[in-house]
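Peer 1: pasting the sequence and the predicted coordinates here, then a few questions.
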Amino acid sequence: MDIKEIKEKVERNEYEISFHAEKERYAENITFTDLENAIYNGEILEDYPDDVRGPSCLLLGHSQNRPIHIVCGYTPINWIRIITVYIFNPKGQSGLMKGEEVKEVREMHNYGDCSFCGGKVKSDKVELVYQYRGKLYIFQNVPAGVCQQCGEKYLTAKVAKEIEQRILTKEKWDKTISVPVDVFPEEIAV
């Protein structure tokens, strides 16, 4: 993969992001500005040209003095696919897991095969649940690509940025629901 091409495609919003990467991004408090800045000043650390799911690479870039690792590859229409993203920890722990225009993009976008299992990804509308800063957010009717084999979801950059914008700025939501919470006692051991 070519870092210059990756940067140019990100600049033009010609990328999509897996829901796995979205969850990691929110868990690590990485905004789209952080993600894109890390790509713009980043470099390829490892290139995987012979990956069975297609060429991919590991990038290292920085935003707000934080080292950010980004694994990305290509889609069948030659967009960039962000597979995962996390804050790099040199001690070896990554921190992992701690409208109409949109309709038009959904109908035209070819998601290709899943970067995790190789299954076929088809366009659909899904419900997504995000946890951010101690709050749960549910988005319904979201245009996404869904792997028919493992269920992984992919969002175009435009859709993922719209979700982030709504989480950060929306004051009046369409619905509010109550969510039951159960805390396991310490005496229950694995």
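Peer 2: Thanks, I have the structure now.
Peer 1: residues contacting the longest helix belonging to the chain, please?
Peer 2: Residue-count comparison of every helix in the chain, with assignments taken from DSSP state H, identifies helix 157-169 as the longest. Residues outside helix 157-169 that contact it (C-beta atoms under 8 Å, 6 or more residues apart in numbering) are 10, 13-17, 22, 31-32, 101-102, 105, 128, 130, 132, 137, 139, 142-144, 155. (Glycine included, C-beta is placed from N, CA and C.)
Peer 1: let's see it at 7 Å
Peer 2: Contacting residues not belonging to helix 157-169 are listed as 13, 15-17, 22, 31-32, 102, 105, 130, 132, 137, 139, 142-143 [C-beta atoms under 7 Å, 6 or more residues apart in numbering].
Peer 1: please produce a PyMOL select command covering the buried subset of those residues.
Peer 2: Of the contacts of helix 157-169, the buried ones can be selected in PyMOL as follows, counting by 16 or more other C-beta atoms under 10 Å:
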select buried, resi 15+16+17+22+105+130+139+142+143
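Peer 1: could you pull out the strands for this protein?
Peer 2: Under the criterion DSSP state E, the chain carries strands at the ranges 15-18, 43-48, 56-63, 66-74, 80-87, 121-132, 135-147, 153-156.
Peer 1: starting at the chain centroid, how far to the third one?
Peer 2: Going by C-alpha atoms, centre = their mean, to the nearest Å, the spacing between the C-alpha centre of strand 56-63 and its chain's C-alpha centre is 14 Å.
Peer 1: which residue, other than its chain neighbours, is closest to residue 150?
Peer 2: Counting by C-beta to C-beta, 6 or more residues apart in numbering, residue 150 lies nearest to residue 117, which is 4.3 Å off, once chain neighbours are set aside.
Peer 1: ok, that neighbour to residue 179 distance?
Peer 2: Going from residue 117 to residue 179 by C-beta to C-beta, to the nearest Å gives 30 Å.
Peer 1: more neighbours: these two, which one.
Peer 2: residue 117 (13 against 7; other C-beta atoms under 10 Å).
Peer 1: surely the more buried one is in contact with residue 53?
Peer 2: No. Counting by C-beta atoms under 7 Å, residue 117 does not reach residue 53; the two are 8.5 Å apart.
Peer 1: that older thread, ok, the residue nearest to residue 150 - contacts?
Peer 2: In this structure, residue 117 makes contact with 147, 149, 150, judged by C-beta under 7 Å, 6+ apart.
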